[in-house]
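Trainee: Below are the sequence and a predicted model; questions follow.
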Amino acid sequence: MDAISDQRARLGDAAKKFISQPKKLLIDGLWVEAASGKTFAVIDPATNKEVGRVAEGDKADVDKAAKAARRAFESGEWPSLRPMQRERLLHKLADLVEANADELAQLESLDNGKPVMMARHGDVVMTAEFLRYMAGWATKIEGSTIDVSLSYVPQGQFFAYTRKEPVGVCGQIIPWNFPLLMAAWKIGPALAAGCTVVLKPAEQTPLTALRLGELAMEAGFPKGVVNVITGFGPTAGGALVEHPEVDKIAFTGSTEIGKLIGVNAMKNLKRVSLELGGKSPVVVMADADLEQAIPGAAMAIYFNQGQVCTAGSRLFVERKVFDKVTEGIAAFAKQMKVGPGLDPSTQVGPLVSQEQQERVLRYIQSGFSEGAKALAGGKKVGATGCFVEPTIFVDVKPDMKMVREEIFGPVVCAQAIDDVSQIPAMANDTIYGLGASVWSTNLNFVHRLIPKIKAGTVWVNGHNLLDPALPFGGYKNSGIGREMGRAVFDLYTETKSVCMTV
Ligand code: NAI
Ligand code: MG
């Protein structure tokens, strides 16, 4: 890999312009500096260089934003908009995402490290599609009429129904792996339901959430409906979780912080939904179409440098095809082009930060010292930048640290299946339960296996097939609640029962 010193020259004019402007907080429709006046650095993980600074919001700024979101929720234009007008605003936002797609993809690549082509054709396209899907729900959230008995009121006649009302002010805390898409996943359903939001992007990747905030203003969302506070977890994020004006917290990130947030949100009974870590199994049967399964299992882990909550990080392969599959994945890994994200030919970019690179390298080291063998990868790449080779380990035991814990990097651990009846136990041997995939041509077997896998999503002959219409979320330590699809509106509405004597 050729070292580069500054990727900014690769940006288009629009992204260059955005980078060169001061990046402030969006509170009540205005861009303002942090009350403290502090800023923090945006680092390009391909070069470890600072590429800009953003405002460092903390408790004082969160307070202003939460109060603005409260005002916007209770009074003014937003609560009186018709559902179709909310739908229209979300479509407008999706249009603007599409109109600025190249800029958003470049900013995402610069900030997160991911290959720009992935950002452009994955993250940005999915962001617009997701917003459109959620726009459609604004007009379709409905309660029901219920025929009540109330037999202890002998003479009465009744009319009873339920209303689905927006839950209120939503504090939304998101991670760095899909910064723009995560922002849309959070604000889309909240706005469709009529809520207002205070969004806190991850400190590693604030840029596209700020740009999305600008686009939300341009789309015409009333002031205070969308607020964006950049800042750190314990300060800005913590203040959001504690704030009395915030009715609901939606969090995506680590299980460790998710548990903390869940406990803190419960102290004043905020609604809370959590999308947390994973250690998703990929099960490859001997009868699978291996031409499909080998690249499929490779991309299940190497996509987005393995920084995916549903990354297929535990691979189970039937013994008779174990060598063929693991060697196939190793060959796939070795031919992947590692490089800076803004180079359009890059397939594997840097990890998001030096901290994450070190974390992943520590897991790789633990694998070696516990006796596993790398068929491919196992090292960092280059002297600068947060690059790690796509890695596959064999000679793996189920109790190894790297098999048990979420690595969040391009590292897969392969184990052989000797007894097919043990597959559910092997797949479920984890505290997590987010995703799983099964690769097989035997549909009877697959359908018998699916109910036994404790995971929020099971893919068959595919992995990471996400769609806005499909509920997404975790069993066990992978979280609480289902985002996407109809299910997400359980998270963003309160049900009000109305019972009338007539
Ligand atoms: P994290 O869970 O600390 O950060 C996620 C978000 O939570 C960020 O916006 C952060 O600022 C915020 N946050 C952190 N501490 C907080 C607090 N006390 N109160 C409120 N908000 C807080 O994740 P981090 O440290 O970036 O990554 C560590 C590991 O977590 C990764 O290596 C990976 O294993 C896992 N992770 C999992 C993700 C997933 O989607 N499943 C996403 C990001 C990280
Ligand atoms: Mg953290």
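Mentor: Yes, it's here. Numbers count the residues shown, from 1 in each chain. Ligands and ions are numbered 1, 2, ... in the order given.

Trainee: What is the neighbour count of residue 222?
Mentor: Residue 222 sits with 17 neighbouring residues when counted by other C-beta atoms under 10 Å. Where you see a C-beta, it was placed from the backbone N, CA and C, and this is true even at glycine.

Trainee: wait, isn't it in contact with residue 79?
Mentor: No. Contact criterion C-beta atoms under 8 Å: residue 222 and residue 79 do not qualify, at 9.7 Å.

Trainee: The stretch 251-400 of the chain: helices as residue ranges?
Mentor: 255-267, 290-302, 319-335, 354-369 (DSSP state H, counting those that start in this stretch).

Trainee: Okay, domains of this structure per the record?
Mentor: Per automatic domain parsing, the domain ranges recorded for the chain read 27-276+479-498, 281-468.

Trainee: what's the closest of those domains to ligand 1?
Mentor: The closest of those to ligand 1 is domain 27-276+479-498. By C-beta to the nearest ligand atom, the value is 2.2 Å.

Trainee: Please give the centre-to-centre distance between the closest one and its chain.
Mentor: Mean-position distance between domain 27-276+479-498 and its chain equals 12 Å (C-alpha atoms, centre = their mean, to the nearest Å).

Trainee: Distance-wise, check residue 158 relative to residue 188.
Mentor: Remark: distance between residue 158 and residue 188 (C-beta to C-beta, to the nearest Å) = 37 Å.

Trainee: which of those two has more neighbours?
Mentor: Legend: neighbour count by other C-beta under 10 Å for residue 158 and residue 188, higher for residue 188 (27 against 14).

Trainee: sec struct for the more buried one, please.
Mentor: Put simply, residue 188 is helix when judged by DSSP: H, G, I helix; E, B strand; the rest coil.

Trainee: Look up the closest residue to it, ignoring the ones flanking it.
Mentor: residue 134 (3.6 Å; C-beta to C-beta, 6 or more residues apart in numbering).

Trainee: for the helices of the stretch 251-400 of the chain, which one ends up most surrounded?
Mentor: helix 290-302 (a mean of 22; mean count of other C-beta atoms under 10 Å).

Trainee: Output the contacting helices and strands for it.
Mentor: Helix 290-302 is packed against strand 281-284, helix 319-335, strand 411-417, strand 435-439, with contacts defined by 3 or more C-beta pairs under 8 Å, 6 or more residues apart in numbering; DSSP states H and E.

Trainee: Which residues in the helix or strand that contains residue 17 does the neighbour count mark as buried?
Mentor: Element membership of residue 17, judged by DSSP states H and E, is helix 13-20. Neighbour-count burial for helix 13-20 flags 15, 18, 19 (criterion: 16 or more other C-beta atoms under 10 Å).

Trainee: returning to what we had before: to residue 486, which of the helices of the stretch 251-400 of the chain lies closest?
Mentor: helix 255-267 (23.6 Å; C-beta to C-beta).

Trainee: list the helices and strands that closest one packs on?
Mentor: helix 238-242, strand 248-252, strand 271-275.

Trainee: average pLDDT across the second one?
Mentor: What it means is strand 248-252. For strand 248-252, mean pLDDT rounds to 98.

Trainee: Let me see the contact set for the residue nearest to residue 44 when sequence neighbours are not counted.
Mentor: Of all residues not flanking residue 44 in the chain, residue 51 sits nearest, at 4.8 Å (C-beta to C-beta, 6+ apart). Going by C-beta atoms under 8 Å, 6 or more residues apart in numbering, residue 51 touches 7, 8, 19, 42, 43, 44, 110, 111.

Trainee: Check residue 252 too.
Mentor: 173, 174, 175, 182, 185, 186, 274, 275, 276, 309.

Trainee: With residue 100 instead?
Mentor: Contacts of residue 100 by C-beta under 8 Å, 6+ apart are 14, 211, 215.

Trainee: Read off the pLDDT value for it.
Mentor: 98.

Trainee: distance of it from residue 126?
Mentor: 15 Å.

Trainee: Residue 27 now?
Mentor: For residue 27, the distance to residue 126 - C-beta to C-beta - is 28 Å.

Trainee: go on, residue 178?
Mentor: 8 Å.

Trainee: Comparing the two, which residue is more hemmed in?
Mentor: Neighbour count, other C-beta under 10 Å: between residue 178 and residue 126, residue 178 has more, with 26 against 18.

Trainee: how would you label the closest residue to that one other than its chain neighbours: helix, strand or coil?
Mentor: Spatially, and ignoring its direct neighbours in sequence, residue 178 is nearest to residue 123 (5.7 Å; C-beta to C-beta, 6+ apart). Classification of residue 123 by three-state DSSP places it in helix.
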